[in-house]
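**Student:** have a look; sequence and predicted model below, questions after that.
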Amino acid sequence: MQYNPALDGVRAISVLAVVLFHCGMPGARGGFVGLDVFFVLSGFLITSLLAAEYRSGAIDVARFYVRRAIRLYPTLLLLLAAYLALAPFLWPSDTQWLAATLGALYIYDYALAFWNPTNTIGHTWSLGVEEKFYLLWPFLLPLLLRTRRPVTWLLAAFAVITAWRYGVAWTLGWKQAYFSFDTRTSGIMLGAIAALTQFRVSRWALLVALGALAFDAALPSLPTADQLEAVTLRITLAELAAFVLICHAAASARSRLLSWPPLVYIGRLSYGIYLWHFPIVSLFAKSTSPWLKLSVTLSLSVTLAAICFHAVDVPLRRWRASRGESFRLS
């Protein structure tokens, strides 16, 4: 499958929104919606990959799992190792080994939803959501593709999961609705729809989606319990806007904005930036200057992500290419 630089541009926008949000930047107090863009993008990419494999014969589930592990686990293990080495000095009150175990096993999503664990690496909850999707989708997608109307089933799944999240938010609270895998897969379903339909969007639809996403990211919300729209209407708006943005990117690989080389490079580093930025932000939790937090966080997280990318990811990709496999899309 051909590499699409515009999708890396989408990744860059998403991760920058999240970093700005965690740094408390004015005008980005709703930047947590960047994760919803990530989820829609993940649904699009993985469904595109698996659907192509299914149509060419059958999905090799074991091979898919190995690809995902090689792509995602090395940088995560580096983060966890760095955390365990530095936590006794920087975060001595953390339950360090428990936190590292939750992160390594991809179960921080439910830990944050129903317990109160150490939060220094709590941002790995989103990896838990995606990992569960990776585990289930190679088995569910073939069943879906055998039906007459797979997109109809995906639309129904999107509606049901969205309604479920709304219900959980109003009955249990925003944490249970925000962090749990079962409440956050609505965006992934939209991404899968984008992959199967190859929907074309007009320029006006794209502008409206970008405006809606910017508006959503600018409004403050989480983590106040009395603002449940953050995990209901706000997430739905972000998912729908992300759907339009990703459909545009998929059809416009050389989009002038999304394919801008610096933005594309940030997108290629986005996984590492996301992993490294949150512990760095936590070191400046008492800082009153969001600009200081942003400058230090971006400098360090981009540097660490670049080291991981060029010293770990690129050699692994070359090794995979030497075995006749190419996974630039994923």
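**Tutor:** Yes, it's here. Numbering: from 1, shown residues only.

**Student:** number of residues surrounding Leu240?
**Tutor:** Look at Leu240: counted by other C-beta atoms under 10 Å, it has 19 neighbours. C-beta coordinates here come from the backbone N, C-alpha and C atoms, glycine included.

**Student:** pretty sure it is touching Met189, no?
**Tutor:** No - contact criterion C-beta atoms under 8 Å: Leu240 and Met189 do not qualify, at 11.9 Å.

**Student:** next SSE after the top helix by length along the chain?
**Tutor:** Once the chain is assigned using DSSP state H, the helix that runs over the most residues is helix 61-90. Next along the chain after helix 61-90, taking DSSP states H and E as the criterion, comes helix 96-104.

**Student:** buried stuff in that next one?
**Tutor:** Neighbour counts using 16 or more other C-beta atoms under 10 Å place 96, 99-100, 102-103 of helix 96-104 among the buried residues.

**Student:** ok so, going back, helix 96-104 and the longest helix of the chain, what's the angle between them?
**Tutor:** Interaxial angle of helix 61-90 relative to helix 96-104 (axes from the mean of the first three to the mean of the last three C-alpha atoms, to 10 degrees): 150 degrees.

**Student:** next, the buried residues of helix 61-90.
**Tutor:** Neighbour-count burial for helix 61-90 flags 64, 67-68, 70-72, 74-76, 78-80, 83, 87 (criterion: 16+ other C-beta under 10 Å).

**Student:** tell me which other helices or strands that helix touches.
**Tutor:** Packing contacts for helix 61-90, counted by 3 or more C-beta pairs under 8 Å, 6 or more residues apart in numbering; DSSP states H and E, involve helix 96-104, helix 125-145, helix 270-283, helix 290-308, helix 314-322.

**Student:** and those helices: which comes nearest Ala113?
**Tutor:** Nearest of the helices and strands packed on helix 61-90 to Ala113, taken as C-beta to C-beta: helix 125-145 at 8.2 Å.

**Student:** what's the average pLDDT for the longest helix of the chain?
**Tutor:** The average pLDDT within helix 61-90 is 95.

**Student:** do the same with stretch 235-247
**Tutor:** Average pLDDT, stretch 235-247: 96.

**Student:** equivalent analysis for stretch 104-114, please.
**Tutor:** On average, the pLDDT along stretch 104-114 is 96.

**Student:** which of the residues in it are buried?
**Tutor:** Residues 106-113 are the ones in stretch 104-114 that count as buried (16+ other C-beta under 10 Å).

**Student:** tell me the SS of Met189?
**Tutor:** What DSSP: H, G, I helix; E, B strand; the rest coil gives for Met189 is helix.

**Student:** now flag whichever of the buried residues of helix 96-104 is closest to Gly57.
**Tutor:** Gly57 lies nearest to Gly103 out of the buried residues of helix 96-104, by C-beta to C-beta, at 35.4 Å.

**Student:** so Ala205 touches Phe243, yeah?
**Tutor:** No - in this structure, Ala205 is not within contact of Phe243 by C-beta under 8 Å, at 10.2 Å.

**Student:** between those two, point out the one with more neighbours.
**Tutor:** Phe243 (25 against 15).

**Student:** so what secondary structure elements neighbour the helix or strand where Leu213 lies?
**Tutor:** For Leu213, the host element (DSSP H and E) is helix 203-218. Judged by 3+ C-beta pairs under 8 Å, 6+ apart, the packing partners of helix 203-218 are helix 233-251.

**Student:** quick one, the helix or strand just after the helix it packs on and helix 290-308 angle?
**Tutor:** Using DSSP H and E, the helix or strand that directly follows helix 233-251 along the chain is helix 261-268. Using the same axes, to 10 degrees, the direction of helix 261-268 lies 70 degrees away from that of helix 290-308.

**Student:** distance of Arg11 from Phe32?
**Tutor:** For Arg11, the distance to Phe32 (C-beta to C-beta, to the nearest Å) stands at 16 Å.

**Student:** which of these two has more residues huddled nearby?
**Tutor:** Using other C-beta under 10 Å as the criterion, Arg11 and Phe32 rank with Arg11 on top: 27 against 23.

**Student:** show me the contacts for the nearest residue to the more buried one once chain neighbours are set aside.
**Tutor:** In space, and not counting its chain neighbours, Arg11 is closest to Gly267: 3.7 Å by C-beta to C-beta, 6 or more residues apart in numbering. Residues near Gly267 by C-beta atoms under 8 Å, 6 or more residues apart in numbering: 5, 7-12, 15.

**Student:** make JSON lines out of these and add distance to Leu144 and secondary structure.
**Tutor:** Output for these, formatted as JSON lines (distance: C-beta to C-beta, whole Å; DSSP: H, G, I helix; E, B strand; the rest coil):
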{"residue": "Pro5", "distance to Leu144": "29", "secondary structure": "helix"}
{"residue": "Leu7", "distance to Leu144": "23", "secondary structure": "helix"}
{"residue": "Asp8", "distance to Leu144": "27", "secondary structure": "helix"}
{"residue": "Gly9", "distance to Leu144": "29", "secondary structure": "helix"}
{"residue": "Val10", "distance to Leu144": "24", "secondary structure": "helix"}
{"residue": "Arg11", "distance to Leu144": "26", "secondary structure": "helix"}
{"residue": "Ala12", "distance to Leu144": "30", "secondary structure": "helix"}
{"residue": "Val15", "distance to Leu144": "29", "secondary structure": "helix"}
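
**Student:** please consider this matter closed, and thank you.
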